Structure formats: C-alpha cells, structure tokens
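S.K.: Take a look and give me a structure for this.
(2 chains)
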2 protein chains.
Amino acid sequence: MRKVTTRLATSAQVLYDFTAEPGNNELSVREGETITITNQNVGGGWIEAKNSRGEVGLVPEDYIEAQPFTSGGNAASLDLSLFDSHIPAPPSTAQTSNGNDPWAVFDSNASGGFSNNWAAQPEGTETGETSSSAWHSGGHGHPQAYQGPGAEDDEWDEEWDDVKSSGGYAESEAGEGGAIHRGGAHGSSMKIALNKFPGFSKSGPELYLLSKQPAKGTRLPVYGGEAGPVWAYPDYQLDCVVADPKKGTKMYGLKSYIEYQVTPTTTNKPVNHRYKHFDWLYERLLDKYGSAIPIPCLPDKQVTGRFEEEFIKMRMERLQGWMSRMCRHPVVSSSEVFQLFLSYKDEKDWKMGKRKAEKDETVGVMIFSTIEPEGLPDLDLIEVEQKCEQFNRFTRAMDDGVKDLLTVGNEHWKRCTGPLPKEYQRIGKAFQNLSSVFNSSGYEGEATLTDALTAAGKTYEDIAQMVAEQPKKDLHFLMETNNEYKGLLGCFPDTIGVHKAAIEKVKEADKLVATGKITTSEKITMSKRASTMSYALQAEMIHFHTNRIYDYNRVMQQYLEQQVKFYEMIAEKLRHAHSQFTTM
Amino acid sequence: MRKVTTRLATSAQVLYDFTAEPGNNELSVREGETITITNQNVGGGWIEAKNSRGEVGLVPEDYIEAQPFTSGGNAASLDLSLFDSHIPAPPSTAQTSNGNDPWAVFDSNASGGFSNNWAAQPEGTETGETSSSAWHSGGHGHPQAYQGPGAEDDEWDEEWDDVKSSGGYAESEAGEGGAIHRGGAHGSSMKIALNKFPGFSKSGPELYLLSKQPAKGTRLPVYGGEAGPVWAYPDYQLDCVVADPKKGTKMYGLKSYIEYQVTPTTTNKPVNHRYKHFDWLYERLLDKYGSAIPIPCLPDKQVTGRFEEEFIKMRMERLQGWMSRMCRHPVVSSSEVFQLFLSYKDEKDWKMGKRKAEKDETVGVMIFSTIEPEGLPDLDLIEVEQKCEQFNRFTRAMDDGVKDLLTVGNEHWKRCTGPLPKEYQRIGKAFQNLSSVFNSSGYEGEATLTDALTAAGKTYEDIAQMVAEQPKKDLHFLMETNNEYKGLLGCFPDTIGVHKAAIEKVKEADKLVATGKITTSEKITMSKRASTMSYALQAEMIHFHTNRIYDYNRVMQQYLEQQVKFYEMIAEKLRHAHSQFTTM
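M.R.: Numbers count the residues shown, from 1 in each chain, chains lettered A, B, ... in the order given. Here you go, the predicted structure:
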C-alpha cells in the first residue's frame, strides 16, 4: 500500500531494490531499508534521499513508500485511504491487478460517470526486458493531475529551455495546491492535464457544448468516406526516422542524458531531441487532442540501467514506433506543434514555437470547436450514443484480446529463451557424448557413425541457439505491436468518456431548458455539437480501424514469414545432419 | 524401505495405489492402507490379500510392504537390514537410485568380486507410458535367486504345461530353502538362476576351467575375422514377426491372458505364445548362454492395465524387439531351444522339447566348453585381462551415455506432450480470439484479415497437435532402441564378471600348483580355457559392436528423417497461413 503523503514525509521505506548507475549521482537502496528524504522536489520521478550511513543520492520515487509524519494514527490512514489502490508493481513483475477496470465505468454509467472517467487510467504492463513500474490509478473520482509543482524534470536542459516559458506549470501550481506528482516511471497511463481546462471540474464537455466564443486554430474537417466519416488525409504520408542516440552530460558530469536524432521524411534534415522533449510533445498533444484522439503514452521512462546499450536501443525503437504512429495521424501530423518538433530551424525557432504551443488555448474539449463535418447531416442523439457504445465495446474487447495475446506471447518468449533451448542443448550433448563413447570402442570402422552422431549433436546445439534467438526475430515485433495497441487502447476509456459525458449533458438539455438554465436555441446548439463530436469520434475510429488492419496484417505477415524461415532452417539443418548417416 | 519378511508377515502396508482390473480377481488398494495377506504363495508377482472391509483379491507384491510379525523390535530390524536397499521405485517415477553401481565392483575388484557380481543387477528404469516398479538389488553379496518356491506363475497354462517338467523349480526349492521370490514387476534386472549350476557358489568359473568331462552339445566355433574373433554367422539371417495378440481366459474367466502369434521368416508358419512362454525361453537362454552372451531381459511384466490396448501394443512391440535381437544372434538363433520356440510342430513336440531344454546340462560356465576357437593362437593372460577390462570400460561408459540420453529424451517427451503443445494451442486461441474481436468491429472490409488471422490461429492449434503427436513418430524409436541397449548393457557386468573371476582364478594357478591343489598340466589347461573364454567374449563384443553400429545408424536416420518431416510440415503449414494475409 502506497501512502501518498509526500508533503509530510521525512523518512521512507524502500519497497524494491535499486542499484545506482555509477557516476549518475544515484543511491543504491535495498528493499526494507529506511531512508530519509532530503529533497522531494527533484522531479522526473526521482527524490533525493540519505541512507543510514549518511550517503546522499537520487532514488526513484516509485521505489519508496513515504512514511506519514504522524506515526500511523487513524486520522492519517483515513486521509490516505483514497489512494490505496495506487500500488506500483514491483519492477520485475510489472503486471498490475485488474481490480480497477477502467472500462467498467461505462457499463454502469448513468450521469455521474464523467468525472470518474478522467481518473480512470488503464493499467500499465511491461512485457519487454526493460524494467519499469506500472501505474494503475483506478476510478476513484480523484483526478490525478499529471504535472504538479515537483514535476519539472531536473534533466530539463536549461540551455534549451526558457524558465519563463513554463508558465503553464506555475498556473497549475496555483490551481492545484498540493497536487502530487505521479509521473516518474509510469506505465501506459494516460495523462490529461485537467488544470489546463479552466473550470473544467465544474463544467466538463459543456465548456464546448455551450461555448459562445468563436473557434480558434486550424479547422479540422471531417468528410463522408466510403466506410463512414473520415479525417482529411494529407496527400503525402509523413514519417520520420529516430536514430543515432548520443550520450551527453551536464551538471559537471553528474547527470547524463541521451539525445536522439529525428529526421522527418519531408525535410530530410535531422533535429536532436532528448526523451524529455518527446515527453513535452506528448504533453502538448495530449492537452490539445486528448479529448478527441487517443494519444498513446511514450515508452516508459526507465529507472535502472538507463545507459545500457540494449535499453537505449529498445527505447529508440519504441520512440520510433510512437513517432511513426503520430506521423500517420492526419490531425496530429499536420499540427503546428508536431511540425515544430520535427522541423524547427534553430534554437530560437524551437524556443518561440515551444512558448507558443504552451500558450495554445484550443485544448481539452475545445478541440471539438475546430472540427467541421463537411456536408454531413446532423446526427440524432440515439445514433450518437449507439456509435459511442459500439466503439466502447469494441475497444474494450480488443483490449482484452491484446492483453491475452501479450500474456501468451510473454510465456512463449520465456519458454523459447529458457527451458526449450536448454533441452535441445542437452539432447545435442547427449548425442555427442554417445558419439565419443562409441569412439572409444576400439572397434574399427565406425568413424562414419561417430562423425554423423557428433554432427547430429552439434546440429541440436545449433537448434538450441536458433530457438533462443528466434523470439527477437519474430515474437518481438508481434509483442511490440500489441504493446503499442495496448497503450493506444488504454486511451479510449478517457476519449470515449468525454463523449459519454457530452451525451449525458445533451440528455439533460430539456430539463435545463425547463429550469431556465439554457435557452432552446442553446439546446439545439448542444445537440448539433454532440453530433460534431460524434463525427470526430467516428473519423477517429475509422482511422484506428484502418491502421489496425494495416498493422496486424503487416505484423502477422512478418511473424509468419520469420516462423516459416525458422522451421525451414531447422529442417534444412536436420536434413544435412541426416545425410551424414550411411544407409546400411 | 522394504522389509523382506514375507514368511513372518500377516499384515502389510500399501505403498502405492493400485486399481484392480475388472473381472480379474484383483483388489484395489490405496497408498497407506493396511491389508492382511491371506496367501503369499500365489506367485507371478502377486499375493492374495484382504482389506479392512473383508474384500479379498490379488495385489501386486511390489505395491505392498510386508510388516514384521514382531512389532518393530531391534532384532527384527537387524535381520532385515541387508535388504534395505531393495526399494521399489514408485510406479509413476520408476527411476531407481544409482547408489549401488553394478559396474563399480570391477574397479575395486581383487579376488572376492565374483560372488558379488552375480548379485549385481542393473537398475531398471521404465521410461515408456506403461507403469511398472523397478528393482535394484545391489551388490550386497546376497545373490537373489530369480525362481523361488512362490515363483510359479499362476498364469501358467496347465493345459500347455506338464507339471512334472518343472523339476528345475523343485530342485531350487530344496536348495534355496526360504528364498524370497523377487520376480513380479521387474525392471531390466538380469536374472541368473544360480541354483542351476551345481556347486556354483563354491567353484565359480573353475567348474569350466578345471572340468575334465568332455563338452556336450553343439560346438560353437569362433573364427578370426577382419576386426577380430567372430562367431559363425549363418548364411540366412533369421527373423520373426510377433503379431496378432489375442485374449484368452481360464479359471472360469477369473484370469485372462494374451497370446501372441510368432511367425519365423524361415517356416512362415505361425506359432502361439503367451508372455510366460517368452519368459520361459528367456530363462533357458539365460541359463545356457548367460555367462558368455548378454541375454537381455524381456520387456517388463505389467502390473496394472494388462488388457489395455496400448499396453498390449507396447508389450508386443517390445517382444518383437527382443525376438528380433535374439534372431540376429548367431549362437542364440541357431540353438535348439530357440528353434523349438519358433517352430515347434505341435503340442507334443513343444512339450518334449520343453522338457529336454530344461534338462540341458551345458548351462552356466559350461557353455565355454562348447566354444572352439578355430585356428586362433592361445592368448596370454595379460592380453585376456586387457581385453576384458577394455570391454568393461566401454560397456560401462556406454551404459552411462545411454542412460543420459534416456533421461534427456524422457524430459523432452514430457515437454513435447505437455506444456509445449498447450502453449501453441494458447497462441492459436489468442489469434482466433483477436480475429473474432476484429470481426465485431463494425468496420467493413476486414474479412481478409480476420479470415487470415483465424487460419493462422487454427494453424497453431494444428501445430500444437503435431508437436504432441511427434514423439510417437520419432523419439519413441530412439527411446526404445536406447532402452533395449540399456537392458543389454545391464547384462555386461554379469557376463564380464564371469571372465574377471576366471582371470583371477588363473592368476592364482601358480599358488594352487605350489600348494599341490592342481597339477602343472591343469594350470596349462586353465590358461588355455581362459584364452577360449576371451575369444568368446571378443566374438560377443564384435557382435555387439556391429549390431550397435547398425542399430544406432538406423535409429538416428529414422529419428532425423522424422524430425525433418516434422519441421518441414510445420513450415509448410505456416507458409500456407502466411499466404492468406494480403500484402498491403
């Protein structure tokens, strides 16, 4: 149980072993150890702490359990009880409990579902080799602001960033008071900065439904396509290459970071970005489009082994996947902030663009005000609701299916890299062993048999190695694709929740008119806007479906192709081994 | 720990669950149950017992632990302590301890090794699906007579057998007194009926070394071959087919048995034999040739499920393997008793031949008196000893290698029929599940993907089945061959032990001459006969080597051929599954 009392805490209990990265100002801690928190405002998922030997260093925030100042009294426990479900999974077995199903709120949903939906975050499951802790903050009606006062990443490069530009954070500090930072190493939790929507907690989607101000920003048309409403797709499909990770240091070498080269296919001119820049982009996209478009999380922040080659390679691969997915989205890829990220000209250009993006007011539900269904009839509420429920059912079912495949795939991975190759190796050894015994027989003329038997043994040793290496060649991509979809699907409860809440509001419209709270004209506007929202959702679903069909087609083809090659290669090796025995 | 106090026992503890075969006069018992022995002279590995509910029936002797009459006093424990190592392995995990290594006696052997060697019996390991208990009676200097007073198999068909013909058994009753029957469900223990060699325990191989009587029976020439001394091989390679098992009953249907049809390739005229007849043949061959030729055990007697189709099939296959091996042996296949078994004309012929075989006096070490090295020079003792030690080293090393392969193979079998196909099935189900989710998307035009995904899922289910069934097609034969060799190799400590003992005797010859116990002429005869024995052993080793090379060549080819087919078929299935996805 994690008691979230960072403000009061001075000492903390270590939940999991953590080994410091040498030269990185980190502190190794052991499970069960008690440490003193010396600075909780370090940010980036880290706290500074001192151990019993007086050593001071950085420790991942999620690896410790802050202890309340009052020594465990009932009052303190009661205050914290609402957060009891926020249990970080241990780094090694990051599968969190399914107890708080983010999809469940839509089943029993009546009218109060909206504020819950914001808090509902899908569980994060880590299936690759990198360790991370996953978050699962269930629907307890306590929306968690992603960005809090302590959230400013200490890795944020001062030379690149303008301190004043983080006005958004200052604002949120004022608004949220003691908001607790819950970033750090996170799973695929969707993070929507609620504080960016003024008065959101009071009004929800009615901010848009009843908005009187004219829409600001680029218009987002929705057309009637063959399969239904579609976004406007660009003629040229944007993509980019994330490559060439380079290590840099700062703070006199105390902290180091990795910079990736991002090259868009449009300009073919590379720009450099650190993980935190990707994270900044993610935040902007989430703020701006999160209500209408599921913005999948970035790959997990990594706590240990940040400079291991394999981790960097894996992160790069996942950042590539994330960027490619964003590039493929017609709305996201054509957005100013995304274009800035991919093709800023120089530091000044970047800084200016950054400041502008952070001041963007067309965020949250207001994005719907820019959506323009072109030549599409207004939809009645029943149709809107049916569509919404259909998408919810589907994404939920797919979420289950994807998770099931991930579980099975993960077990298969373990078997293929563990017991199975060991067994083939033992078979190979047993053949070779028998061959060397035969060699000692003293009987002339059995060299053909012993040579063949040795070769057969070596073949099975080769097969052992092939088996162990195969998952990287096929299962890996199947897992990565499904992991990506798990992340994407995890955003749908939030996105669909916005629509659900809007539908509920429109349903209340008659009552609001009767009680004089809105006019009949406003009621009509609300209904029309719910229709616009539905077109946006439908366009997004069609985008999702076409991408899904493309992705699964591609990954299954790749998987099966590699599997065929694998079994053919084994057969070929065995055929060769077979040919060395003589027919008698 | 098994306390062997059958004579005193009235009650017994049940060691393993045993389920009675319906209509077979058997009694189901549960592990831990206490039963009362009502008749311990039933024979054939069975005792008659009564349970607490008063039900009476047959129970396998090895499944119970007889309790001493005296209630666990020290005196009783002491009396029984010599038998403490005779622990039957539980039916399900019949791998016995390796503590008493039958090969070890030759390493530390000086002169007293001989009587130990007879008692040294290789462990019995059951690797197939049939359950049995394995015996391991180590070298404790207490030779176990295979046939004791209670050993007359109750299944012995009176109509076929002449009671008076079992004179050999009556003789042994007198000689061994309270000898304990240890037959029943046994592993590959070699059973040499010591009581068949008059005065054996006193004289050992000197019975032959100093024999003055002329050799009786067919001469067995040994020639100088290219690779060394060889038996005289027939022009025509005898073989036979064991087939068409038929069930018969006796004792008014209380007991039933299986009769197999044995058809030799020479006469092509089938004869019928029950398992007990094979066992009778085995006993005759062991008595007659066991000192010179390793006579492998018959496949295990089966305790449970004797009439299950699969067991009968397995026993038939193993009897076929045993018969074919005997047919391939030039000495065994041309013997009178083997020819009788394969091609007796009628019941009278069989009975006559049976009686004659049981009266054969050229048994035990006396078989060496029939061996005639043709045109081969006498070997000196050093050469004889070197050869003997070389064969011992080799057979011992091969025994280890074969057991290692069996262990690995057994684990592989378990994986291939257990967790592995389950995993492929789950992968298949996960694909199909995802496909049916996709089908529910409401998005038009993804039938190609969902059909292909379903087909891929079904392919993995097919693969699961292929994986589970494959061991029967390849690993089975590899295991059977190695099992056969394990049995064969288990006979070598006994066979080589006879030679070792003879060598020791010849080494003592000078002393015997000095003390006037033998004449110089007798000493020369002893040395010459040791040379003859060595030629027999060498001929036998060459026979073993040629057969081994043939068998392993054949079984490895078959294994690899089937493995190639298996992997090719998987690749082909996956290639087909792959082709159903569209290239986009």
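
S.K.: alpha carbons only for contacts and neighbour counts from here, please
M.R.: OK.

S.K.: Give me every residue in the stretch 351-500 of chain A lying close to chain B.
M.R.: Contact residues, the stretch 351-500 of chain A versus chain B (C-alpha under 8 Å from any C-alpha of the partner chain): A:391, A:394, A:397-398, A:401-402, A:404-405, A:408-409, A:412, A:423, A:426-427, A:430-431, A:433-434, A:437-438, A:440-441, A:443-444, A:446, A:449, A:453.

S.K.: ok, of these, which come out buried?
M.R.: Among these, the ones that count as buried by 16 or more other C-alpha atoms under 10 Å in any protein chain shown are A:391, A:394, A:397-398, A:401-402, A:404-405, A:408-409, A:412, A:423, A:426-427, A:430-431, A:433-434, A:437-438, A:441, A:446, A:449, A:453.

S.K.: gap between stretch A:217-232 and the chain center?
M.R.: How far stretch A:217-232 lies from its chain's middle: 27 Å, per C-alpha atoms, centre = their mean, to the nearest Å.

S.K.: Would you mind listing the outside residues contacting it?
M.R.: Under the contact criterion C-alpha atoms under 8 Å, 6 or more residues apart in numbering or on different chains, stretch A:217-232 has outside partners A:330-331, A:362, A:370-376, A:535-536, A:538-540, A:542-543, B:443-444.

S.K.: Give me the average confidence score over it.
M.R.: Mean per-residue pLDDT for stretch A:217-232: 93.

S.K.: got the CA positions of that stretch in PDB?
M.R.: The C-alpha coordinates for stretch A:217-232 follow below in PDB (Å, rounded to 0.1, in the frame of the first residue of the first chain):
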ATOM      1  CA  GLY A 217      -6.900  27.500 -34.600                       C
ATOM      2  CA  THR A 218      -6.800  25.300 -37.700                       C
ATOM      3  CA  ARG A 219     -10.100  23.900 -38.800                       C
ATOM      4  CA  LEU A 220     -10.300  20.100 -38.800                       C
ATOM      5  CA  PRO A 221     -12.700  18.900 -41.500                       C
ATOM      6  CA  VAL A 222     -14.500  15.500 -41.300                       C
ATOM      7  CA  TYR A 223     -15.700  14.100 -44.700                       C
ATOM      8  CA  GLY A 224     -18.100  11.400 -45.500                       C
ATOM      9  CA  GLY A 225     -15.900   8.500 -46.700                       C
ATOM     10  CA  GLU A 226     -16.900   5.100 -48.000                       C
ATOM     11  CA  ALA A 227     -16.700   3.400 -44.700                       C
ATOM     12  CA  GLY A 228     -18.000   6.400 -42.800                       C
ATOM     13  CA  PRO A 229     -16.800   9.800 -41.600                       C
ATOM     14  CA  VAL A 230     -13.000  10.400 -42.200                       C
ATOM     15  CA  TRP A 231     -10.400  12.900 -41.300                       C
ATOM     16  CA  ALA A 232      -8.800  14.900 -44.100                       C
END
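
S.K.: hmm, back to that, okay, and which of the residues of the stretch 351-500 of chain A next to chain B map to strands?
M.R.: Under the assignment DSSP state E, these contribute nothing to strands.

S.K.: Filter these down to just the ones in helices.
M.R.: Among those, the members found in helices (DSSP state H) are A:391, A:394, A:397-398, A:401-402, A:404-405, A:408-409, A:412, A:423, A:426-427, A:430-431, A:433-434, A:437-438, A:449, A:453.

S.K.: just for the stretch 351-500 of chain A, where's the confidence low?
M.R.: By pLDDT under 70, the stretch 351-500 of chain A has no low-scoring segment.

S.K.: for chain A, which spans come out with low pLDDT?
M.R.: Residues of chain A meeting the criterion pLDDT under 70: A:1-9, A:21-24, A:41-45, A:68-203, A:251, A:301-307, A:583-584.

S.K.: care to break it down by domain?
M.R.: For chain A, the structural domains run A:1-84, A:190-375, A:377-584, going by automatic domain parsing.

S.K.: doesn't B:Thr395 make contact with A:Val437?
M.R.: No: using C-alpha atoms under 8 Å, A:Val437 is not in contact with B:Thr395; the gap is 9.1 Å.

S.K.: re earlier: now the domains of chain A in a markdown table, with distance to B:Glu33?
M.R.: Shown next, in a markdown table, are these (distance: least, C-alpha to C-alpha, whole Å):
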| stretch | distance to B:Glu33 |
| --- | --- |
| domain A:1-84 | 49 |
| domain A:190-375 | 57 |
| domain A:377-584 | 39 |
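
S.K.: Of these, flag the one that's most buried.
M.R.: Greatest average neighbour count among those goes to domain A:377-584 (a mean of 20), per mean count of other C-alpha atoms under 10 Å in any protein chain shown.

S.K.: gap between stretch A:235-243 and the chain center?
M.R.: Distance of stretch A:235-243 from its chain centroid, counting by C-alpha atoms, centre = their mean, is 20 Å.

S.K.: Revised request: answer the last question for stretch A:240-252.
M.R.: Worked out by C-alpha atoms, centre = their mean, stretch A:240-252 lies 21 Å from the chain centre.

S.K.: Sounds good, over and out.
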